[in-house]
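Visitor: sequence plus the predicted model coming up.
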Amino acid sequence: MRIMGLDYGSKTVGVAISDPLLLTAQPIEIIRRESENKLRRTLARIEELIKEYEVSEIVLGLPKNMDNSLGERAEKSIEFKDMLERRTGIKCNMWDERLTTVSAHKAMIEAGIRREDRGKYVDSIAAVFILQGFLDFQK
């Protein structure tokens with residue numbers, strides 16, 4: 001069984017998956033959302049990936065403010081967590097995602113990815129940072 005990491009945003013959901021030994025996280029895709037209020041297709045795609053990768057647990061990024069408070073985006077992430085758990089029946093852990101997008105951009109710069117191409121990958125790389133942080137913490 002594997003763990004899935006999600007970076008939930010208003011326009012995209014970055015998806016990462018662990019290896020079967022739960023040691024490393026790899027990016028698998030970015031789910032593009034048509035509208036912030038429409039989640040049916042997003043949830044359906046996540047369910048397909050759960051089956052394909054035999055996911056037993058989900059880690060969802062919690063976008064806390066730098067002062068550790070929860071803002072509007074965090075509240076939406078918590079609502080999404082509740083929807084995921086109801087729809088899939090799989091436990092969904094919230095993981096502090098502060099600075100994961102910054103770290104993702106820095107990693108892509110260090111890897112030599114061109115500025116205009118970084119937007120294509122940032123959400124899935126951020127999902128990797130979220131999931132890898134969770135995996136490392138579990139060890």
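Guide: Thanks, I have the structure now.
Visitor: by mean pLDDT, which helix or strand of this protein comes out lowest?
Guide: Averaged element by element with mean pLDDT, DSSP states H and E, the chain has its least confident helix or strand at helix 100-110 (a mean of 67).
Visitor: what are the contacting residues of the helix or strand just after it?
Guide: On the C-terminal side of helix 100-110, the closest following helix or strand by DSSP states H and E is helix 115-138. Around helix 115-138, the neighbours that count as contacts under C-beta atoms under 8 Å, 6 or more residues apart in numbering are 3-7, 9, 12-18, 22-30, 59-61, 93, 95-97, 100-101, 103-105, 107-109, 113. Heads up, the C-betas are built off the backbone N, CA and C, glycines and all.
Visitor: equivalent analysis for stretch 16-25, please.
Guide: 1-7, 26-28, 49, 53, 55, 124, 127-128, 130-132, 135, 138.
Visitor: give the ChimeraX command for selecting the buried subset of those.
Guide: Selecting only the buried entries of the contacts of stretch 16-25 in ChimeraX, with 16 or more other C-beta atoms under 10 Å as the criterion:
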select :2,3,4,5,6,7,27,28,49,53,55,124,127,128,130,131,132,135
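Visitor: count of residues packed around Arg87?
Guide: 15 (other C-beta atoms under 10 Å).
Visitor: pLDDT score for it?
Guide: For Arg87, the pLDDT comes out at 95.
Visitor: what's near enough to touch the closest residue in space to it that isn't next to it in sequence?
Guide: If the residues on either side of it in the chain are set aside, Arg87 comes closest to Leu43, at 5.5 Å by C-beta to C-beta, 6 or more residues apart in numbering. Going by C-beta under 8 Å, 6+ apart, Leu43 touches Met83, Leu84, Arg87.
Visitor: mind listing the helices in this structure by residue range?
Guide: In the chain, the helices defined using DSSP state H lie at 40-53, 72-88, 100-110, 115-138.
Visitor: could you save these as a markdown table and add columns showing distance to Asn65?
Guide: Converted to a markdown table, the helices of the chain look like this (distance: least, C-beta to C-beta, whole Å):
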| stretch | distance to Asn65 |
| --- | --- |
| helix 40-53 | 24 |
| helix 72-88 | 8 |
| helix 100-110 | 14 |
| helix 115-138 | 17 |
